[in-house]
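Student: I need the structure of the sequence given here:
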Amino acid sequence: MPGGRLTQPERQQIALGLADGLAYAEIARRLDRPTSTVTREVMRNGGPTGYRADLAHRATEQRAHRRKPASPRGTAASPQEHGRDAEAVRAYEETFTTVMMGSGMPKMMARVMASLTLADTGSLTASELAERLQVSPASVSKAVAFLDGQGLIRRERDDRRRERYTVDDDVWYQAMTASARSIAQVGDTARQGVTVLGSDTPAGHRLESVARFLDFVSESTARAAEQARAILHTKNPAPGETPTAPGGGGSS
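Tutor: Alright, predicted model coming up:
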């Protein structure tokens, strides 16, 4: 499998693959590259609908010129725990961040979320985040305020009275339920428009259809999140053990 940076011809193949509607995994297979490499490349250069091979190549060269030759202080120590490959962890963290950004999360918030999620403790102080990300404490403060407001992290005090930011097992459940509430709110707003525009008009019919669709999606999302919540609290089985389904007691 080839390594190193993507070449311009490879970026052109990525653009052609996206235009043909291919999945990242299929594009990566054709390039003999990891899927994460293609995902990261697309998400940091406009996303699947805005990706342009020439612009992506130029932007990568500009980033390479700006990049310092030495790794930022504090980025290599943690990934080397448990015998991990530091470069692989760094690349994965970048992929995780760019995918979160693609879902609509602002860049700094996505970087903080990725750092917390990938930390074995799931918990870091503001100073630890600032050091890991090489950003100012003010940037961290703004990011954690956003994530806290979204219910994606929890604030707590450690034994030294320092405020820590924690990603717990329920983070994705909280994210899905928040998404369900947001979808329901859009559906309610669409239904209000039916009254304003008239239920017997083309626009009114359209809004009513939108409202019914979003009602279904919101209810399904909330129900699925509730049903799957137990998965977040299911411990991974030890080698040789059979995993137990959430809520179940094993085979009878």
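
Student: Spatially central, which residue of this protein would that be?
Tutor: Here the mean C-alpha position of the chain is nearest to the C-alpha of Met100 (Cα atoms, centre = their mean), at a distance of 2.6 Å.

Student: Distance check, that one against Gly187.
Tutor: Spatial separation of Met100 from Gly187 under the definition Cβ to Cβ, to the nearest Å is 25 Å. Every C-beta, even on glycine, is put in place using the N, C-alpha and C of the backbone.

Student: Flag the shaky bits of this structure, pLDDT-wise.
Tutor: Counting by pLDDT under 70, the chain shows low-confidence ranges at 1-3, 63-80, 235-252.

Student: what helices or strands is whichever strand or helix holds Val99 leaning on?
Tutor: Val99 belongs to helix 86-102 when elements are defined using DSSP states H and E. Using 3 or more Cβ pairs under 8 Å, 6 or more residues apart in numbering; DSSP states H and E as the contact criterion, the secondary-structure elements in contact with helix 86-102 are helix 35-43, helix 107-118.

Student: returning to what we had before: who's in contact with the residue nearest to the centre of the chain?
Tutor: If you count contacts by Cβ atoms under 8 Å, 6 or more residues apart in numbering, Met100 has them with Ala110, Met113, Ala114.

Student: Which of the residues you listed ranks first by neighbour count?
Tutor: Taking other Cβ atoms under 10 Å to define a neighbour, the member of these with the most is Met113, carrying 26 neighbours.

Student: Export the helices and strands packed on helix 86-102 to JSON lines and append columns for distance to Gly204.
Tutor: Formatted as JSON lines, the entries for those read as follows, by distance: least, Cβ to Cβ, whole Å:
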{"stretch": "helix 35-43", "distance to Gly204": "38"}
{"stretch": "helix 107-118", "distance to Gly204": "38"}
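
Student: Looking at these, spot the one closest to Ala211.
Tutor: Between Ala211 and the helices and strands packed on helix 86-102, the tightest spacing by Cβ to Cβ is seen for helix 107-118, at 30.1 Å.

Student: What strands line up against the helix or strand just after that closest one, and which way round?
Tutor: Toward the C-terminal end, the helix or strand that comes next after helix 107-118 (DSSP H and E) is strand 123-125. Sheet pairing here is set by DSSP bridges, and for strand 123-125 it gives strand 163-166 (antiparallel).

Student: buried residues in the strand it pairs with?
Tutor: Taking 16 or more other Cβ atoms under 10 Å as the basis for neighbour counts, the residues of strand 163-166 that come out buried are Arg164, Tyr165.

Student: residues in contact with it?
Tutor: Residues beyond strand 163-166 that count as contacts (Cβ under 8 Å, 6+ apart) turn out to be 112, 116, 122-126, 129, 144, 147-148, 153-158.
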